[in-house]
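S.K.: how would this look folded up:
(4 chains)
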Number of protein chains: 2
Amino acid sequence: MNLETALQKLKEKGYKRTRQRERILEIFVKQDQYIAAKSILKEIQEDFPGVSYDTIYRNLYLLTDEEILEATELGGEKHFRLGCDTQGHHHHFICTDCGKTKSIEFCPMESINENLKGYDIENHKFEIYGKCPVCS
Amino acid sequence: MNLETALQKLKEKGYKRTRQRERILEIFVKQDQYIAAKSILKEIQEDFPGVSYDTIYRNLYLLTDEEILEATELGGEKHFRLGCDTQGHHHHFICTDCGKTKSIEFCPMESINENLKGYDIENHKFEIYGKCPVCS
DNA sequence: ATTTTATTCGTAATCATTATTATTTCGAGA
DNA sequence: TCTCGAAATAATAATGATTACGAATAAAAT
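M.R.: Got it, this is the predicted structure:
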């Protein structure tokens, strides 16, 4: 996803276009990996010395709700990344060193043959962790 | 796993048998579900008004290291459950209401056919979330 | 330009988790 | 049973991530 597409999405929903939001999105567009909130804060502070965590988290959650970002929990911290171009549902390999990811098209829910009668399935998580070719 | 088996495992490794440890294990033996650290603390405080979080966490991590407990992250909090009787590697359905779980024998890593050449796989997570038959 | 309203700033509070130090308890051996 | 050293605990305090809130600001609608 590029910057303009994301901003367009927000505009359609009636959200304002602020410098901070643009800057946050720019960071994600530039980096194809999961990023922690505090890293975002640090980078934004170069342009906006006064940004608060409130702004960061509010926007990260907003962008996640609008499906512009995807979130996951890594090492006790929430991490975010730009939604993938890959169409449709998929999963990720996540490098535990650099945070870069590789899409996994395979979804275990398609292959699972377990008896889950009576269980109301709402969601699932499948992630593979390790070192990417660069880090290993 | 029952209480005696767990205590035996600890003894073999040279860990002391303390009332607090016993009590923590009892709680897990009684409840077949993921439990948050703070719930454990609350329950233990009925018997030991002075227990500290330090004791709780130290023991939860110790028990996890000794493979008596299993850990996962739910809603930003670490949760623990007694290791399953189910032998070997497996996954879980987790009820988002009551926290009870059902073992899933199927492991996606056996079926995955994605090209991950060059990637050093260390770990993976597969969990299904939803409502169990009782809660749905 | 003015008004409306979302958004941000600045800061403080909260919550889970980890760390510290003095004290207590376990349990092995005398 | 008693003593002793190691291990474990209690009682905080500290940290780090996240959330909350009132006042100030900035975007966009009129």
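S.K.: residues in chain A within reach of DNA strand C, list them.
M.R.: Proximity of chain A to DNA strand C, by CB under 7 Å from any atom of the strand, involves residues A:15-16, A:18, A:20-21, A:48-55, A:58-59, A:76. Backbone N, C-alpha and C define where each C-beta goes, glycine included.
S.K.: of all these, which two lie farthest apart?
M.R.: For these, the farthest-apart pair by CB to CB is A:16 and A:76; their separation is 32.3 Å.
S.K.: what's around residue A:89, how many residues?
M.R.: Using other CB atoms under 10 Å in any protein chain shown, the number of residues around residue A:89 comes to 10.
S.K.: doesn't residue A:24 make contact with residue A:3?
M.R.: No. Using CB atoms under 8 Å, residue A:3 is not in contact with residue A:24, being 10.6 Å away.
S.K.: then stretch A:76-85 to PDB, C-alphas only?
M.R.: Provided in PDB are the C-alpha atoms of stretch A:76-85 (Å, rounded to 0.1, in the frame of the first residue of the first chain):
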ATOM      1  CA  GLY A  76       5.600  -8.000  25.200                       C
ATOM      2  CA  GLU A  77       5.300  -5.000  22.900                       C
ATOM      3  CA  LYS A  78       2.800  -4.300  20.200                       C
ATOM      4  CA  HIS A  79       4.300  -4.000  16.800                       C
ATOM      5  CA  PHE A  80       2.700  -2.700  13.600                       C
ATOM      6  CA  ARG A  81       3.300  -3.000   9.900                       C
ATOM      7  CA  LEU A  82       1.700  -1.700   6.800                       C
ATOM      8  CA  GLY A  83      -1.000  -4.000   5.500                       C
ATOM      9  CA  CYS A  84       0.300  -6.300   2.800                       C
ATOM     10  CA  ASP A  85      -0.300  -5.900  -0.900                       C
END
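S.K.: so where do the helices sit in chain A?
M.R.: In chain A, the helices defined using DSSP state H lie at A:3-12, A:19-30, A:37-45, A:53-65, A:108-111.
S.K.: quick one, which of these is nearest to chain B?
M.R.: Across the helices of chain A, chain B has its closest neighbour in helix A:108-111 (3.5 Å, CB to the nearest CB).
S.K.: ok, and what's touching that closest one?
M.R.: A:121, A:124, A:126, B:106, B:108, B:111, B:126, B:128 (CB atoms under 8 Å, 6 or more residues apart in numbering or on different chains).
S.K.: Can you get me a residue count around the residue of chain A found nearest DNA strand C?
M.R.: Proximity of chain A to DNA strand C (CB to the nearest atom of the strand) peaks at residue A:50, 2.3 Å away. The local packing of residue A:50 (other CB under 10 Å) involves 6 other residues.
S.K.: Then the one 10 residues further on?
M.R.: Other residues lying near residue A:60 total 20 when counted by other CB under 10 Å.
S.K.: Was I right to think residue A:136 contacts residue B:116?
M.R.: No. Taking contacts as CB under 8 Å, residue A:136 lies outside contact range of residue B:116: 11.3 Å.
S.K.: what would the helices of chain A look like in CSV with mean pLDDT?
M.R.: Below are the helices of chain A laid out as CSV (pLDDT from 0 to 100):
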stretch, mean pLDDT
helix A:3-12, 94
helix A:19-30, 96
helix A:37-45, 96
helix A:53-65, 97
helix A:108-111, 94
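S.K.: Save those helices as CSV, and put in distance to residue B:11 too.
M.R.: Output for those, formatted as CSV (distance: least, CB to CB, whole Å):
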stretch, distance to residue B:11
helix A:3-12, 58
helix A:19-30, 51
helix A:37-45, 43
helix A:53-65, 46
helix A:108-111, 39
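S.K.: Quick one, which of the residues of chain A next to DNA strand C are buried?
M.R.: Buried members of the residues of chain A next to DNA strand C, counted by 16 or more other CB atoms under 10 Å in any protein chain shown: A:21, A:51, A:55, A:59.
S.K.: which one among these gets closest to residue B:72?
M.R.: Of all these, residue B:72 sits closest to residue A:59, with 28.2 Å by CB to CB.
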